[in-house]
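Trainee: Give me the fold of what follows.
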Amino acid sequence: MLDQINIETVLFIDIETAPMTSSFDEMPEKFKQLWEKKSSYFREEAQTAKDVFERAGIYAEFGKIICISAGTIYKKNGGYRCRVKSYAGHDEKKLLDDFVKMLDNYSRTGNVKLCAHNGQEFDYPYISRRCLINEVKIPKVLDIAGAKPWEIKDNLLDTLQLWKFGDYKHFTSLDLLCTVFEIPTPKDDIDGSMVAKVYWEENDLERIVRYCEKDVFALAQLFLRYQGKPILPADAFETVV
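Mentor: Down below sits the predicted model:
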């Protein structure tokens, strides 16, 4: 089934998120109260809501998107290459606007297929929720209210779900799958748990963008391996400003 998908029609995406403010103390009072309640479901007995604030970025109600990277695979001189462009900044509404415009333009070329790792549980709903909050029109491909399950599956690919083969008992990280398939890991600098610190404390958005773009390249490589194709050399990766 996967080998019937033309990889050149797939847009590979990854998002990076951070808590809405740099610290728990800076949150509006109402949000503090709501985070107290939300975090009570997963924090340990000795922990306070403030102790687990770094996890706020995981939730669309308490976080924000700081980078979306999108990549495509295309043929050149008889081989494949991967081109990635990022939409990043402190102004979430603007980066979402820019991403949606790109996606709308991309959609005009035909049937759009997105691919993300754990996209069905994280990337796709997170983008849609933050679009609603920022009063940005949800892209058609992500506006899945009322869609049939097979329509979602066909257009919103998820390398985690594909790897499960119907087994819903465990999560497998992109990092682990890259290791299994001998794909150079994108975690050679930072990982997802460090993004909030790098963003709020180090103010190094460019470092986060580079990390996000590497994730997209790894994601595309993984999809190639799912199709039984060889991975690409490092010099087949390019970024677009």
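Trainee: CA atoms for contacts and neighbours, from now on please.
Mentor: Will do.
Trainee: Can you list the buried residues in the lengthiest strand in the chain?
Mentor: In the chain, assigned by DSSP state E, the strand with the most residues is strand 63-76. Residues of strand 63-76 classed as buried: 63-73 (neighbour count, 16 or more other Cα atoms under 10 Å).
Trainee: check contacts around residue 119.
Mentor: With contacts defined as Cα atoms under 8 Å, 6 or more residues apart in numbering, the neighbours of residue 119 are 125, 156-158.
Trainee: where does the protein dip in pLDDT?
Mentor: 145-153, 186-188 (pLDDT under 70).
Trainee: That one: strands as residue ranges?
Mentor: Using DSSP E, strands in the chain cover 10-19, 63-76, 79-88, 113-116, 156-158, 237-240.
Trainee: most remote residue from this protein's center?
Mentor: residue 46 (31.9 Å; Cα atoms, centre = their mean).
Trainee: From what I see, residue 115 and residue 10 are in contact.
Mentor: Yes - taking contacts as Cα atoms under 8 Å, residue 115 lies within contact range of residue 10: 6.7 Å.
Trainee: Of these two, which one has the most company?
Mentor: residue 115 (25 against 21; other Cα atoms under 10 Å).
Trainee: that older thread, which among the strands of the chain is found nearest to residue 130?
Mentor: Between residue 130 and the strands of the chain, the shortest gap by Cα to Cα is with strand 63-76, which sits at 7.1 Å.
Trainee: Each with direction, which strands does the closest one pair with?
Mentor: If you go by DSSP bridges, strand 63-76 pairs up with strand 10-19 (antiparallel), strand 79-88 (antiparallel).
Trainee: In CSV: these, plus distance to residue 205.
Mentor: Listed next are the strands paired with strand 63-76 as CSV, based on distance: least, Cα to Cα, whole Å:
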stretch, distance to residue 205
strand 10-19, 10
strand 79-88, 8
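Trainee: closest one to residue 41 among those?
Mentor: The closest approach between residue 41 and any of the strands paired with strand 63-76, judged by Cα to Cα, belongs to strand 10-19 at 17.9 Å.
Trainee: what's in contact with that closest one?
Mentor: 53-58, 62-73, 112-117, 123, 192, 195-196, 199, 208, 212-213, 215-216, 219-220.
Trainee: run the last query once more with 7 Å
Mentor: With Cα atoms under 7 Å, 6 or more residues apart in numbering as the test, strand 10-19 has contacts from 54, 56-58, 62-72, 112-116, 123, 195-196, 212, 215-216, 220.
Trainee: same thing with stretch 31-41?
Mentor: With Cα under 7 Å, 6+ apart as the test, stretch 31-41 has contacts from residue 49.
Trainee: Can you list the buried residues in that stretch?
Mentor: Applying 16+ other Cα under 10 Å to stretch 31-41 flags 32, 35-36, 39 as buried.
Trainee: One more: stretch 76-86?
Mentor: Quick answer for stretch 76-86 (16+ other Cα under 10 Å): 80-86.
Trainee: Kindly check the end-to-end length of stretch 178-193 for me.
Mentor: Distance between the two ends of stretch 178-193: 18 Å, counting by Cα to Cα, to the nearest Å.
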